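Trainee: Build me a model from this:
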Amino acid sequence: MPTVEECTCCQEIAEVTNQLDEQHPSFSGVCTDIWVLRAAYLAYRQQYGDSNDTQQQSDIGLRLASFFARSAMKYILVTGGVISGIGKGVIASSLGTILKAGGVRVTSIKIDPYINIDAGTFSPYEHGEVYVLDDGGEVDLDLGNYERFLDVTLRRDNNITTGKIYQQVINKERRGDYLGKTVQVVPHITDAIQEWVERVAKIPVDGHKKEPDICIIEPKTTGEQKTKPTQNSVRELRGLGLFSDLLVCRSQSPLSDEVRNKLSNFCHVGPEQVICVHDVTSIYRVPLLLQEQKVVEYLTQRLQLAFHPNKPRKFLLKWKELADAQDRLLKEVTIALVGKYTKLADAYTSVVKALRHSSMAASHKLNLKYIEASDLEEETQKENPVRYHEAWQLLCSSNGVIIPGGFGIRGLEGKIKAAQWARENKVPFLGKTC
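Mentor: The predicted structure follows:
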């Protein structure tokens with residue numbers, strides 16, 4: 001491959017870009033794709049020739065700069081500070097939903113800090129059930145939310161782990177790709193993360209073979225409303241050189257004006273940039289909450305998006321109909337889930353999601369009861385009679401029984417007894433193997 005000095009094409013492009021930068025300082029540095037830059041300049045020359053009109057040159061420069069600012073890949077980073085389990089995945093999915101509703105192509109990347117290569121070998125008690133992608137990748141459950149909300153097909157590379165990054169860097173070092181240099185966290189590990197994100201962000205995920213416009217990245221990290229944790233998180237983020245554009249606050253009830261203004265003052269954002277996501281009847285209402293607080297308008301301006309303002313309204317009407325239909329359900333069905341890992345509900349996420357979607361389709365409200373399989377066994381009756389009778393009472397009051405798969409012999413006898421009870425009492429039963 002010829003060097004830049006040897007390649008006349010590269011020299012021509014360099015001359016073109018230098019000339020464009022001299023004529024339009026406002027355009028300098030906006031686009032890093034030199035081929036697109038050259039095409040834009042040639043189109044400009046074809047239309048305007050060698051005009052000496054300074055105002056005309058300035059106008060076209062600003063227009064080109066604005067075009068590239070709109071067309072370049074945008075990244076939205078969703079972080080939750082020191083608190084886990086507050087709904088970052090749902091917020092990221094909801095942001096993507098309202099953006100996609102306006103005609104923007106969206107992809108998503110989840111970053112996990114653990115050294116494991118993937119989630120395939122985790123205990124169900126660690127991170128819940130493993131979500132399996134179309135390409136066989138075993139990933140975090142949040143990617144399931146992304147796929148359902150955004151209607152996209154993600155790949156294993158959309159879930160970055162520390163283990164994957166270190167494995168990639170070590171393999172490159174073994175092959176000699178670093179030419180004998182000392183491999184360090186900075187710059188080699190940090191560069192590997194950036195390269196991974198930039199590469200995966202360009203992969204089409206919606207079946208249309210077009211690169212996404214926006215990549216949403218999620219790094220993993222009671223009672224009276226407190227602002228101090230949020231202030232600390234924002235302060236740490238600013239210490240890393242990142243400034244918050246939106247503060248999405250989780251709470252049991254809507255934020256008071258006092259709390260909103262306090263966050264605005266101490267976190268150096270406008271009141272309109274403090275978004276409240278309080279407890280709602282279902283996660284399908286979260287995109288509606290964001291829409292009501294004009295998140296779309298803010299992101300459109302901040303990211304300079306070519307947005308269609310009427311599309312989100314029509315699309316989100318369907319979301320509202322779905323959420324309203326779920327709230328209007330009057331009939332209730334009680335299902336007993338008899339399993340080995342019931343202490344962590346996320347261990348059975350796929351089963352729970354399937355039950356909830358099925359109950360909605362059947363116009364019933366789901367009342368799901370978790371029963372530890374070992375609590376149905378005679379050994380528990382001797383050691384803890386109260387727990388034993390409570391488990392059987394839950395089972396006997398259910399309209400149906402489902403038993404997911406599990407590993408090992410613990411709880412096996414309890415599963416058999418639950419299946420026997422369902423068969424003898426002609427209660428609908430479903431057994432699921434791993």
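Trainee: Stretch 114-128: how far from the chain's middle?
Mentor: When C-alpha coordinates are averaged (CA atoms, centre = their mean, to the nearest Å), stretch 114-128 and its chain have centres 18 Å apart.
Trainee: Name the spans of this structure whose pLDDT lies under the cut-off.
Mentor: Across the chain, the ranges flagged by pLDDT under 70 are 1-71, 81-85, 220-229, 307-313, 434.
Trainee: residue ranges of the strands in it, please?
Mentor: Assigned strands in the chain, in chain order: 74-77, 106-112, 131-132, 138-139, 159-161, 214-219, 247-251, 274-278, 332-339, 365-372, 400-403, 429-431 (criterion: DSSP state E).
Trainee: Which of these sits closest to residue 100?
Mentor: Relative to residue 100, the nearest member of the strands of the chain by CB to CB is strand 106-112, separated by 4.9 Å. All C-beta spots, glycine's among them, are computed from the backbone N, C-alpha and C.
Trainee: Show me how far that closest one is from its chain's centre.
Mentor: Averaging C-alpha coordinates over strand 106-112 and over its chain gives two centres that are 5 Å apart (CA atoms, centre = their mean).
Trainee: can you count the residues close to the residue lying closest to residue 248 once chain neighbours are set aside?
Mentor: Across the structure, with CB to CB, 6 or more residues apart in numbering as the measure, the residue nearest residue 248 apart from its sequence neighbours is residue 275 (4.7 Å). For residue 275, the tally of surrounding residues (other CB atoms under 10 Å) stands at 19.
Trainee: measure residue 275 to residue 201 for me?
Mentor: When distances are taken as CB to CB, to the nearest Å, residue 275 and residue 201 turn out to be 24 Å apart.
Trainee: Name the stretch among the strands of the chain that sits most buried.
Mentor: Ranked by mean neighbour count under mean count of other CB atoms under 10 Å, those are led by strand 106-112, which reaches a mean of 25.
Trainee: tilt between that strand and strand 214-219?
Mentor: 20 degrees (axes from the mean of the first three to the mean of the last three CA atoms, to 10 degrees).
Trainee: in its sheet, what does strand 106-112 sit against?
Mentor: In the sheet containing strand 106-112, the strands it pairs with under DSSP bridges are strand 159-161 (parallel), strand 214-219 (parallel).
Trainee: of all the ones you listed, which lies closest to residue 354?
Mentor: Comparison of the strands paired with strand 106-112 against residue 354 by CB to CB identifies strand 159-161 as nearest, at 22.0 Å.
Trainee: contacting residues around that closest one?
Mentor: Under the criterion CB atoms under 8 Å, 6 or more residues apart in numbering, residues 109-119, 137, 139-140, 143, 193, 196-197, 200 lie in contact with strand 159-161.
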